[in-house]
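> show me the folded form of this:
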Amino acid sequence: MHDLRKAAEALAAAQRVVVFTGAGISAESGVPTFRDALTGLWERFDAQTLATPQAFEDDPELVWGWYEWRRSLIQRVAPNPGHAAVTTIQNRAPRTVVITQNVDDLHERAGSRDPIHLHGSLFTPRCAGCAHPAEVPAATEPDEGRRLAPPRCAHCFAPIRPGVVWFGEALPEQALETAVQEATACDLLLTVGTSGLVYPAAEIPKVATMFGATVIQVNPQPTPLDATATINLHGPAATILPALTEAAWPLP
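Numbering: from 1, shown residues only. Next up is the predicted model:
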């Protein structure tokens, strides 16, 4: 309770806030994480056959089908109280920017404004040839192993690819540059549900620390960010974040 109260006081006093989120905030909505020892996607599937440019070139139907399965899964879940609390922070703190490693749209659906997607989004497919943004219909409900032919680009007829960042690809330059700028300028960074293992995104909290910001971590388990964070709040985001916002801005 002492750490929660300290975190709430810091949040309420902050003038520029960054909320930096990872897969853990969406796990409680039913979105599988990637690295959980029992249920993580990379424990069940081979990343090299599903999440690299070469994999898509070798077998576009396998890759597109798997990502459509993921997109259909996310369309059937709802934002949880952790996502809602992030929106509350954005509405109450004077200047809050949401930066996420997640490729779902749960922050947007919870009401967050203009989150920065460091790893792209399942909902922004693009042409694999000319990179032109593509419109695709709502995902059907394929099983996780169903093969689907990707649609074709209306401009150059190359296959449409998922709008996510694959292994071996650089993060979107503008998104990363903006995220670093926000981390250098904030006076408080709240990192939620991220392992601290995925680089270069994992540098964002460290950048904030280097520039003097208070860093508050919310995570059920200890992570490499424990040593960086000013305050560590161990617990699920859907529980901790609403408690944090209620303590920061108590109802009259």
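
> pull out the buried positions in the helix or strand that contains residue 97.
Here residue 97 sits within strand 96-100, counting by DSSP states H and E. For strand 96-100, the neighbour count (16 or more other CB atoms under 10 Å) marks 96-100 as buried. Every C-beta, even on glycine, is put in place using the N, C-alpha and C of the backbone.

> CA atoms only for the helix or strand that comes right after it, dumped as PDB, please.
Remark: after strand 96-100, the chain's next helix or strand is helix 106-110, criterion DSSP H and E. Coordinates of each C-alpha in helix 106-110 appear next as PDB, following Å, rounded to 0.1, in the frame of the first residue of the first chain:
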ATOM      1  CA  LEU A 106      -7.400  -2.700 -27.300                       C
ATOM      2  CA  HIS A 107      -6.000   0.700 -26.200                       C
ATOM      3  CA  GLU A 108      -7.900   2.400 -29.000                       C
ATOM      4  CA  ARG A 109     -11.100   0.400 -28.200                       C
ATOM      5  CA  ALA A 110     -10.800   1.500 -24.500                       C
END
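
> which residues does the nearest residue to residue 116 once chain neighbours are set aside contact?
Leaving out its chain neighbours, the residue that sits closest to residue 116 by CB to CB, 6 or more residues apart in numbering is residue 99, at 4.6 Å. Counting by CB atoms under 8 Å, 6 or more residues apart in numbering, residue 99 touches 18-21, 115-116, 118, 179, 182-183, 204.

> same thing with residue 58?
Per CB under 8 Å, 6+ apart, neighbours of residue 58: none.

> all set, thanks.
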